[in-house]
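Peer 1: Provide a 3D model corresponding to the input given below.
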Amino acid sequence: MNSSQPSMNRYLWASDPVSAQISPGVLINDRYQVIAPQIWLDTQPEAPPYVPQELPEEIIPYLRLFPQRLHIPEVYGVAVLGEEPNTAEVILLENVPIDPEGNLYPAIVEQWHHTKAIRQVYWLWQILQLWTPLSELGVASSLLIPENIRVQGWRIRLLQLFSDRTISTYPQPSLTALCDCWLEWIAGAHPSVLGRLEQIWQQIGNPQKSLDEISLELNQLLLEKAAELPLRLQVAGGTDQGPMRSSNEDSCYPTEADLRSLTEPPNDLLIPNFTLVCDGIGGHEGGEVASLMALQTLKLQVRALLIEIAQQPEIVPPNIICEQLTAIIRVVNDLIAKQNDSQGREMRQRMGTTLVMGLQIPQKINKPDGTVLENAHELYIASVGDSRVYWITADYCQQLTIDDDVATREVRLGRSLYREALRRVDGGALTQALGTREAQILRPTIGRFILEEDGILLLCSDGLSDRNTVEQSWQEFAKPVLKNKISLEAAVQSWIDLANEKNGHDNTSIVLTRCLLSPEPPALFEPKKVEAELPTAAYPVETELTEASKALLYSPATQPEAGETVDVQTVKQGTWLTVLTTLAILAALGLIGYGLWRSFVPPTTPPAQETPVNTNE
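Peer 2: The predicted structure follows:
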């Protein structure tokens, strides 16, 4: 269970335009100090803000769009202006594009002419991906107001949401209106993409062209520009049981042992492109087994997926890859669930695991001039549960995943604000995990990103992410790691040590990927310096399982003698025949086959209410 609270974002956006008339320095409700037009500072961030008992209708789209929190602000609370009976309620937003000093990040129109070609295309791609979810909730007008669209590095961020019913000064939302909005931007695009963007712009205004067709054209251009950049990936990972646990229920990939077997299958195709962290639940009698089952099965299936994608003559679209990753995760879920059923484990006794996965797919790109580029820089992130993925650069730290917990469920269903839901006794309880229920109700969250800047991809279990440890410590690691002043291995161990010091109540697993796009080769480490950085026995080569866990993994015929040590290699060689057989059957049925991918239809209905998963922790 992730017990962390969201970081205190002191700077808020007052969404009512009337608030822009309030002079800086004024204190609102004895709490909010006006810093600049519509930018307020909460002087009492530890106290819960005022929230009406019945949420105003205009708040609901923010709640429904919580999964889009990378781009959409969140409702913080409500401030009351004026005196009775002439009071007015102002919705206050957090997670807004305001920097740590209280200044707005620049509008897209301010940065457009000063950014590189790939980022221009990436910004347009993100806007196009937001069009459908915002249209379904009646707030697509938010994407037609240039000053409302802000940028922070690669990321598009909206200041606030505008209802399509109340906007009168801007055109009503339609693809034609979006086309008109883009006209000036595209005219000022980088020369290397100007012609192609003009062609795509003309298609947006063509009623015979669907949004999906336009997205494919824009995706092709985006991947072409990304593939022109160099990309070097370096990876390291480690896991630790922590000072307060008697066993380690986490599993991660790759570890030091995996890196030593870099040329052996499946590592030969997975490292450094595939990273994984699983946090087992169900106690030491099952959690460590579930996480290890998930890790081993995913390694085999993802390797098969990479081979299949490499054989395709054309670019495989993002929705198809997302569908296949969903199918793979559901297979893993069913394998763990079947193990639970075979052991007669029910309710609190059922073992399961969280999952966060990073997969950089090096698709080859055939350019119109016949040039073949080797790597389109696509990064796919998949998550189930409350383990997390962060993207860290020298300038910012961004959480790429959302937790599958009760608090998130309440927000997505439009019942509660996030901060309010976190105060529930069960706010941090998981609503889904691999293996606890049947696959039909499992909803993995999968997103596609483009690597177009130097950064660090951090995957971690909640042993690190609890109590905002990542948000409070990332600046100490970002620049030294990106500049090769400390090794990835040293950074992993330092973060594990910090997790044990600050949290310590749980196992901790961390996998770091250093993503470098600069053409210069990495600086060589000084051997003596590296030796001093690396702690002795930082990464154990083998993992012992408890006797109860052995009973879950081994049939009587393969059960080791009493007292025999079981290491990871033994598990790999002697206990995965059932898994491999299952995978072989699934492969024969064409699970990985490209032809089945096109049957995917992403859900458009509001999320069903999930029942909390008992973590038994």
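
Peer 1: Which residues belonging to stretch 125-140 are considered buried?
Peer 2: 125-131, 133-135, 137-140 (16 or more other C-beta atoms under 10 Å). Every residue, glycine included, has its C-beta placed from N, CA and C.

Peer 1: from the residues you listed, which ones fall inside helices?
Peer 2: 125, 126, 127, 128, 129, 130, 131, 133, 134, 135 (DSSP state H).

Peer 1: What sits closest to residue 22 if chain neighbours are left out?
Peer 2: Spatial nearest neighbour of residue 22, chain neighbours left out: residue 34 (5.1 Å); criterion: C-beta to C-beta, 6 or more residues apart in numbering.

Peer 1: Quick one: residues contacting that neighbour.
Peer 2: Residues near residue 34 by C-beta atoms under 8 Å, 6 or more residues apart in numbering: 19, 22, 23, 24, 25, 26, 27, 28, 40, 41.

Peer 1: Taking those, please make a ChimeraX selection of just the buried ones.
Peer 2: Selecting the buried subset of the contacts of residue 34 in ChimeraX, with 16+ other C-beta under 10 Å as the burial test, is done by:
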select :19,22,28,40,41
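
Peer 1: From the contacts of residue 34, pick the one nearest residue 146.
Peer 2: Taking C-beta to C-beta as the measure, residue 146 lies nearest residue 19 of those, at 21.0 Å.

Peer 1: who's in contact with the closest one?
Peer 2: Counted by C-beta under 8 Å, 6+ apart, residue 19 has contacts 34, 37, 38, 40, 81, 90.

Peer 1: Test my guess that the fifth one contacts residue 92.
Peer 2: No. Judged on C-beta atoms under 8 Å, residue 81 makes no contact with residue 92 at a distance of 11.5 Å.

Peer 1: more crowded one of the two?
Peer 2: residue 92 (25 against 16; other C-beta atoms under 10 Å).

Peer 1: other SSEs contacting the one helix or strand that one maps to?
Peer 2: Assessed by DSSP states H and E, residue 92 sits inside strand 88-94. Packing contacts for strand 88-94, counted by 3 or more C-beta pairs under 8 Å, 6 or more residues apart in numbering; DSSP states H and E, involve strand 11-14, strand 74-81.

Peer 1: Just the CA coordinates for the shortest one, please, in CSV.
Peer 2: Provided in CSV are the C-alpha atoms of strand 11-14 (Å, rounded to 0.1, in the frame of the first residue of the first chain):
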residue,chain,number,x,y,z
TYR,A,11,1.0,27.7,-6.0
LEU,A,12,-2.6,27.4,-7.3
TRP,A,13,-4.5,28.7,-10.3
ALA,A,14,-7.8,30.6,-9.6
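
Peer 1: which ones among the contacts of residue 34 are found in helices?
Peer 2: Going by DSSP H, the helices hold none of the contacts of residue 34.

Peer 1: before we move on, the earlier item: pLDDT averaged over the strand holding residue 92 - what is it?
Peer 2: Averaging pLDDT along strand 88-94 yields 96.

Peer 1: thinking again about what came up before, does the residue nearest to residue 22 count as helix, strand or coil?
Peer 2: Using DSSP: H, G, I helix; E, B strand; the rest coil, the structure places residue 34 in strand.

Peer 1: Now do the same for it: its pLDDT.
Peer 2: On the pLDDT scale, residue 34 gets 97.

Peer 1: Buried residues, the next helix or strand after the strand holding residue 92. List them.
Peer 2: If you walk from strand 88-94 toward the C-terminus, the next helix or strand you reach (DSSP H and E) is helix 108-111. Using 16+ other C-beta under 10 Å as the test for burial, helix 108-111 gives 108, 111.

Peer 1: Over to stretch 427-446?
Peer 2: 427-437, 439, 442-446.

Peer 1: Of the contacts of residue 19, just say which sits nearest to residue 477.
Peer 2: Nearest member of the contacts of residue 19 to residue 477, counting by C-beta to C-beta, is residue 40, at 31.8 Å.

Peer 1: show me the contacts for the closest one.
Peer 2: So, once contact is read as C-beta under 8 Å, 6+ apart, residue 40 ends up touching 11, 12, 13, 14, 19, 28, 32, 33, 34, 79, 92.

Peer 1: List the contacts of stretch 104-115.
Peer 2: Contacts of stretch 104-115 (C-beta under 8 Å, 6+ apart): 39, 97-99, 120, 123, 146-152, 156-157, 159, 184-185, 188.

Peer 1: 6 Å instead?
Peer 2: Applying C-beta atoms under 6 Å, 6 or more residues apart in numbering, the contact partners of stretch 104-115 are 97, 98, 146, 147, 149, 150, 151, 152, 185, 188.

Peer 1: one step back: could I get the contacts of residue 19 as a markdown table with distance to residue 360?
Peer 2: Below are those laid out as a markdown table (distance: C-beta to C-beta, whole Å):
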| residue | distance to residue 360 |
| --- | --- |
| 34 | 45 |
| 37 | 42 |
| 38 | 39 |
| 40 | 40 |
| 81 | 49 |
| 90 | 43 |
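
Peer 1: farthest-separated two in those?
Peer 2: Going by C-beta to C-beta, the pair spanning these furthest: 37 and 81, at 14.7 Å.

Peer 1: So for residue 606, what's the pLDDT?
Peer 2: pLDDT at residue 606 comes out at 48.

Peer 1: just residue 202 next, same as before
Peer 2: Residue-level pLDDT assigned to residue 202 equals 91.

Peer 1: which intervals of the stretch 451-600 of the chain have sub-threshold pLDDT?
Peer 2: Applying pLDDT under 70 to the stretch 451-600 of the chain flags residues 520-600.

Peer 1: would residue 458 count as being in a helix?
Peer 2: No. Checked against three-state DSSP, residue 458 lies outside a helix; its state is strand.

Peer 1: where does the spatially closest residue to it that is not a sequence neighbour land on pLDDT?
Peer 2: Spatial nearest neighbour of residue 458, excluding adjacent residues (C-beta to C-beta, 6+ apart): residue 390 at 4.3 Å. Here, the pLDDT recorded for residue 390 equals 98.

Peer 1: Counting neighbours, what do you get for residue 390?
Peer 2: Neighbours of residue 390 (other C-beta under 10 Å): 20.

Peer 1: Show the backbone phi and psi for residue 433.
Peer 2: According to degrees, to the nearest 10, the main-chain angles of residue 433 amount to phi -160, psi 160.

Peer 1: hmm, who's touching stretch 424-435?
Peer 2: Here stretch 424-435 makes contact (C-beta under 6 Å, 6+ apart) with 1-3, 281, 290, 294, 332-333, 336-337, 352-355, 384-385, 404-407, 409, 421, 610, 612-613, 615.

Peer 1: Show me what whichever strand or helix holds the residue nearest to residue 458 is packed against.
Peer 2: Secondary structure from DSSP H and E places residue 390 in strand 388-392. On a contact count with 3 or more C-beta pairs under 6 Å, 6 or more residues apart in numbering; DSSP states H and E, strand 388-392 meets strand 397-399, strand 455-460, helix 469-482.

Peer 1: highest average neighbour count across the ones you listed?
Peer 2: Burial of those is given as mean neighbour count (mean count of other C-beta atoms under 10 Å); strand 455-460 ranks first at a mean of 26.

Peer 1: Please identify which of the ones in helices among the buried residues of stretch 125-140 is nearest to residue 70.
Peer 2: Nearest to residue 70 among these: residue 126, at 8.9 Å, using C-beta to C-beta.
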